[in-house]
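Peer 1: let me see the structure of the following:
(one chain, ligands or ions: 2)
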Amino acid sequence: ARGPATPATTLRSLYKLPLTTARKISTHVAYLAKERAVAIEAVERASQVCQAVFQRLITAETLTKKDKSPVTVADFGAQAVVNHILERYFPDDPVVGEEDSKDLQGEEGRVLREKVTELVNATTGDAMSSDEASCFARSCILRAIDRGQYAGGPRGRHWTLDPIDGTKGFLRGEQFAVCLALIIDGQVHLGVVGCPNLPYDMSKPDGERGVLMVAVKGQGAFQRKLSADSSEQETPVHVSGVQNTSDAVFCESVEAQHSDHSTNANIARLLGITKPSVRMDSQCKYASVARGDAEIYLRLPVSETYVEKIWDHASGNIIIHEAGGRVSDINGKPLDFSIGRTLSANKGVVAASAKIFDEVIGAVQATLAKDN
Ligand SMILES: Nc1ncnc2c1ncn2[C@@H]1O[C@H](COP(=O)(O)OS(=O)(=O)O)[C@@H](OP(=O)(O)O)[C@H]1O
Ligand SMILES: [Mg+2]
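Peer 2: Numbering: from 1, shown residues only. Ligands and ions are numbered 1, 2, ... in the order given. The predicted model follows:
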């Protein structure tokens, strides 16, 4: 007698495949399929929260005063939305998130808490039941944000979230990203980066903006239009085919405190690079290398004491690998996501297409040896 239909038996009858082949394909297709879909939904919703804040709260006045409060509202709102969606579908998965609810608590946090609650309800109202919405209006918003307090580590699965990566870029109306990744036994298995201000096609820099990039271990990296409906096509992305480093473009942080521009420039010189660097905030730099807009991402540390955070690199790391590139620290050591909330075993970050990666690390090492 026939048993219930499984993904494998469905594929076998659909495509007239031998069962062994259908089984292989079905495992491949199904691996983290639910996590992938939920992560995309969460990043899309959080990106909408950020864009709503940008439109409503950022004014000429907040910019001239260098007022950071709009980004604070968006940061908390985006983390609340992502954590809420993750809890609904994966209640047992802990989250390592950048924010905690301290600043929203008690009488002192009341104004900010009300702003965040109002924002989340306005942007996600249609996605929430009335019970959920009224829960958000009470205390659930704080609880959702604080689901991000997990310590991380080498065992089991956990998510890591940067609700707004590139806060300064966000305030300037330039590049920022919503970044969500799934880490299993210390390795990144799924990464999503939402880049609301990144042109969809770099050959048309003034064209449509908003890119979502996604990668699952072993399945390649893809981009789609942010906020596209789910039937919209995803297209695979690949790193650049440039073989000669002198033809390469490199990208780096906008902020000189986050990455050493002068050391980056010395490395570029050694590689024969003549084109100016592309300065861009956030993990959009990883997305740019993944789809071949640039060949190299250099993040040479400025401070001896700063330790990189896992949420600033996890999604970008898997997207680069799945697009055919490589990522390591400045000594060529893979980024170690198994330690906890930080990348304490690594110093700095270098990402490049696989063909030129060894040469880039060689130039990084030679430059550092000369400087010391
Ligand atoms: N000292 C120091 N060194 C290195 N990195 C630091 C440092 N201080 C902060 N950060 C982290 O940098 C994140 C943003 O850096 P980016 O390179 O992505 O953007 S930027 O161009 O520098 O704005 C930024 O992420 P967000 O806070 O999410 O914007 C920080 O986590
Ligand atoms: Mg960040």
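Peer 1: C-alpha only now, for contacts and for neighbours.
Peer 2: OK.
Peer 1: surely Pro94 meets His158?
Peer 2: Yes. Contact status for Pro94 versus His158: in contact at 5.0 Å, counting by CA atoms under 8 Å.
Peer 1: for this structure, what lies in contact range of ligand 1?
Peer 2: Within the chain, the positions near ligand 1 by CA under 6 Å from any ligand atom are 164-169, 253-255, 257-259, 280-283, 303, 306, 312.
Peer 1: again, only this time at 8 Å
Peer 2: Proximity of the chain to ligand 1, by CA under 8 Å from any ligand atom, involves residues 98, 162-169, 176, 252-259, 279-285, 299, 301-303, 306-309, 312, 348.
Peer 1: which among those end up buried?
Peer 2: 98, 162-169, 176, 252-254, 258-259, 280-285, 299, 301-302, 307-309, 312, 348 (16 or more other CA atoms under 10 Å).
Peer 1: tell me which of these fall in strands.
Peer 2: If you go by DSSP state E, those have Asp162, Pro163, Ile164, Asp165, Glu252, Arg299 in strands.
Peer 1: and stretch 150-160, end to end?
Peer 2: 9 Å (CA to CA, to the nearest Å).
Peer 1: now the top helix by length along the chain: average pLDDT?
Peer 2: The single longest helix within the chain, with elements called by DSSP state H, is helix 33-57. Averaged across helix 33-57, pLDDT comes to 92.
Peer 1: now do stretch 258-276
Peer 2: 97.
Peer 1: now swap in stretch 352-365 and tell me
Peer 2: On average, stretch 352-365 scores 98.
Peer 1: which SS state does the residue nearest to Ala181 when sequence neighbours are not counted fall under?
Peer 2: Excluding its sequence neighbours, the residue lying closest to Ala181 (CA to CA, 6 or more residues apart in numbering) is Gly191, at 4.2 Å. Per DSSP: H, G, I helix; E, B strand; the rest coil, the secondary structure class of Gly191 is strand.
Peer 1: could we number from 22 for the rest of this?
Peer 2: New numbering, starting at 22: the last item is Gly212.
Peer 1: which residues touch Gly212?
Peer 2: By CA atoms under 8 Å, 6 or more residues apart in numbering, the contact set of Gly212 is Cys200, Leu201, Ala202, Leu203, Val235, Ala236, Val237, Ala335, Ser336, Gly337, Ile339, Ile340.
Peer 1: is it fair to say the first one lies in a strand?
Peer 2: Which is Cys200. Yes. Cys200 forms part of a strand when assessed by three-state DSSP.
Peer 1: what comes up buried for stretch 375-383?
Peer 2: Ala375, Lys376, Ile377, Phe378, Val381, Ile382, Gly383.
Peer 1: dump it to CSV, keeping only the CA atoms.
Peer 2: This file holds the C-alpha atoms of stretch 375-383, laid out as CSV (Å, rounded to 0.1, in the frame of the first residue of the first chain):
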residue,chain,number,x,y,z
ALA,A,375,38.1,33.3,-4.3
LYS,A,376,40.4,33.8,-7.3
ILE,A,377,42.2,36.8,-5.8
PHE,A,378,41.7,36.0,-2.1
ASP,A,379,45.2,34.6,-1.3
GLU,A,380,46.9,37.5,-3.1
VAL,A,381,44.8,40.0,-1.0
ILE,A,382,45.7,38.2,2.3
GLY,A,383,49.3,38.3,1.2
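Peer 1: chain center to it: distance?
Peer 2: 23 Å (CA atoms, centre = their mean, to the nearest Å).
Peer 1: what residues does the stretch 72-221 of the chain put near ligand 2?
Peer 2: Selection of the stretch 72-221 of the chain residues close to ligand 2 by CA under 5 Å from the ion yields Asp186.
Peer 1: how about 6 Å then?
Peer 2: Asp183, Asp186, Gly187 (CA under 6 Å from the ion).
Peer 1: what's the neighbour count on the closest residue to Pro39 other than its chain neighbours?
Peer 2: Once flanking residues are discounted, Pro39 sits nearest to Arg33: 6.3 Å by CA to CA, 6+ apart. By the criterion of other CA atoms under 10 Å, Arg33 has 19 neighbours.
Peer 1: contacts for the longest helix of the chain, please.
Peer 2: 91-92, 94-96, 98-100, 102-103, 106-107, 110, 140-141, 144-145, 184-185, 191-192, 194, 199-201, 211, 213-217, 235, 237, 247-248.
Peer 1: what do you get if the cut-off is 6 Å, keeping everything else the same?
Peer 2: Pro91, Ala95, Ala99, Val103, Thr144, Ser248 (CA atoms under 6 Å, 6 or more residues apart in numbering).
Peer 1: reformat the residues you listed as JSON lines; add secondary structure and neighbour count.
Peer 2: Listed next are the contacts of helix 54-78 as JSON lines, based on DSSP: H, G, I helix; E, B strand; the rest coil; neighbours: other CA atoms under 10 Å:
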{"residue": "Pro91", "secondary structure": "helix", "neighbour count": "21"}
{"residue": "Ala95", "secondary structure": "helix", "neighbour count": "29"}
{"residue": "Ala99", "secondary structure": "helix", "neighbour count": "30"}
{"residue": "Val103", "secondary structure": "helix", "neighbour count": "28"}
{"residue": "Thr144", "secondary structure": "helix", "neighbour count": "19"}
{"residue": "Ser248", "secondary structure": "coil", "neighbour count": "19"}
